[in-house]
Structure formats: C-alpha cells, structure tokens
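Trainee: any chance you can model this:
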Amino acid sequence: MRIAIVRPCFVLACSKTGVYNGDDYVARCLKASVQLGIRPDWQMGGLFLSPVDFVAAFTGAVAVAKVPLPGCVYHPAAEKPLKWGALFDGIESAGYSLETVSHSEWYARQAKSIGGGQDDNALTPLMVVLSPEKYNGMTSDIMPVGTSRTHAILSDIGVSEPSVMDTAQCRAQADFFRQSGYFPGPNGAPAENTRAMIVRTSTVQQ
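Mentor: So this is what the prediction gives:
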C-alpha cells in the first residue's frame with residue numbers, strides 16, 4: 001500500500017471567510033502586540049503559511065486522488081516564507097499604531113502587563129517559549145520547507161494554488177480580527193464584535 005504524508009506548517013485563517021482559531025500561536029503574538037501597542041523587531045526566520053481552506057482541500061484531494069501519487073511527504077504551504085514584519089505591517093496599515101521595540105523590551109512589557117493583572121493578555125500561555133533566552137536561539141534563518149512536490153501535483157488533483165500572503169492580506173486579516181472583537185479597535189477604540197470567529201480559550205473576548 002502506498003502512503004502519502006501531508007504535513008502542514010503554520011495554518012492560518014480561511015482565505016474566504018477570515019474565520020481563525022484565536023488560540024493559535026501566531027494569532028496570540030499579534031493580539032498581544034496590538035493590546036500594548038508595540039511590535040517586536042524580530043529577526044527570526046519567516047513563517048511558511050497556509051490558509052486552512054487550502055490545507056483542507058489539499059489533504060482531502062490527496063486522500064481520494066484517482067491519479068497515482070508518489071508515496072512521500074507533502075507540505076501544503078506557501079512556496080516562500082513570510083517575515084513577521086509583513087504581518088505587523090499589515091496590522092499597522094489597518095489603522096493600528098505599533099511602536100517597534102527590541103524583543104527584550106517587548107517581552108518585558110508583556111510580562112509587566114501580565115504581572116499587573118491584565119488577565120486577557122493574549123501572550124500569557126506563551127511567555128515561557130518566548131523568553132529572551134529562547135529567542136536568542138530562534139534568530140537564524142528558518143529551515144527551508146520543501147513545497148515543490150505539493151505544487152507539482154495541484155493541477156493533477158484539482159486544487160488551486162493558495163493565495164499569496166502579502167501585506168494586503170495581512171491587513172484584511174487584521175480587519176477581520178477587529179470586526180470579530182478579537183482585536184480591540186485601533187488606538188483605543190472599542191472592538192466591533194460584528195463577525196463570528198473560532199476562539200478556544202476563555203481569556204479571549206468574542
């Protein structure tokens with residue numbers, strides 16, 4: 001029996017609806033930055049991102065493919081990684097003012113916020129993995145993820161290429177976060193809470 005392994009990387013929101021898991025690592029880092037109005041000057045490698053609808057379509061198509069597929073590993077992800085800076089740029093283009101600070105200062109201010117009783121700080125469960133000591137080991141370029149096999153079979157299994165995550169899409173995601181109430185409004189304005197969103201933690205306001 002021939003077996004194919006589908007191994008996603010960072011799975012993002014649905015490209016059609018914007019619905020996203022608010023308990024996600026990327027979402028929490030972005031929200032915590034918006035909550036305090038600061039963005040870390042991260043020099044770590046980029047993220048290989050994929051909208052969840054592309055990952056689902058690809059996985060399902062591989063499972064029922066009528067064409068012969070080589071038994072190997074597939075990474076349903078963008079061909080090139082996206083830098084964290086592009087994500088924060090998209091947030092700023094949506095009207096949020098974010099001060100750029102070093103990782104150490106960003107972490108210290110997040111820790112002070114949490115220690116001061118800000119129970120809804122989105123970074124609370126991630127503080128250990130984002131400590132300055134851990135960050136010093138994450139500054140090298142990210143290990144490349146091979147996506148050539150994935151993109152080579154898309155037409156054969158009837159799946160469209162994933163949309164390219166750029167600053168415009170990052171802004172659209174920030175707009176959705178605001179409209180769903182996951183992000184506060186820009187510059188202290190109240191959240192809108194006009195759209196539904198998947199959130200799996202009691203500390204995040206819907």
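
Trainee: now do the helices in the chain.
Mentor: 25-36, 52-63, 84-93, 103-115, 132-135, 148-157, 167-179 (DSSP state H).

Trainee: got a list of contacts for the first one?
Mentor: In this structure, residues lying in contact with helix 25-36 by C-beta atoms under 8 Å, 6 or more residues apart in numbering are 10, 12, 20-22, 39-40, 47, 87-88, 91, 96, 98, 106, 109-110, 113, 118, 120-123, 125-126, 130, 174, 177, 182-184, 204. For the C-beta atoms, the positions are set from N, CA and C on the backbone; glycine is no exception.

Trainee: try it again at 7 Å.
Mentor: With contacts defined as C-beta atoms under 7 Å, 6 or more residues apart in numbering, helix 25-36 is touched by 10, 20-21, 39, 47, 87-88, 91, 96, 98, 109-110, 113, 121-123, 126, 182-184.

Trainee: quick one on the thing from earlier: so which of the helices of the chain comes closest to H75?
Mentor: helix 148-157 (5.8 Å; C-beta to C-beta).

Trainee: for stretch 56-70, measure first residue to last.
Mentor: 20 Å (C-alpha to C-alpha, to the nearest Å).

Trainee: just the buried positions in that stretch, please.
Mentor: Neighbour-count burial for stretch 56-70 flags 57-58, 61-62, 69 (criterion: 16 or more other C-beta atoms under 10 Å).

Trainee: could I get those as CSV with pLDDT?
Mentor: Shown next, in CSV, are the buried residues of stretch 56-70 (pLDDT from 0 to 100):
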residue, pLDDT
A57, 95
F58, 95
A61, 93
V62, 91
L69, 76
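
Trainee: what's the closest of those to P81?
Mentor: Using C-beta to C-beta, F58 is the member of the buried residues of stretch 56-70 that sits closest to P81, with 18.3 Å.

Trainee: what is the nearest of the buried residues of stretch 56-70 to T147?
Mentor: Among those, and counting by C-beta to C-beta, the member closest to T147 is F58, at 10.9 Å.

Trainee: now that closest one. Nearest residue, chain neighbours left out?
Mentor: Spatial nearest neighbour of F58, excluding adjacent residues (C-beta to C-beta, 6 or more residues apart in numbering): P76 at 4.2 Å.

Trainee: so what's that neighbour up against?
Mentor: Taking C-beta under 7 Å, 6+ apart as the contact definition, P76 lies against 6, 8, 50, 54-55, 58, 150.
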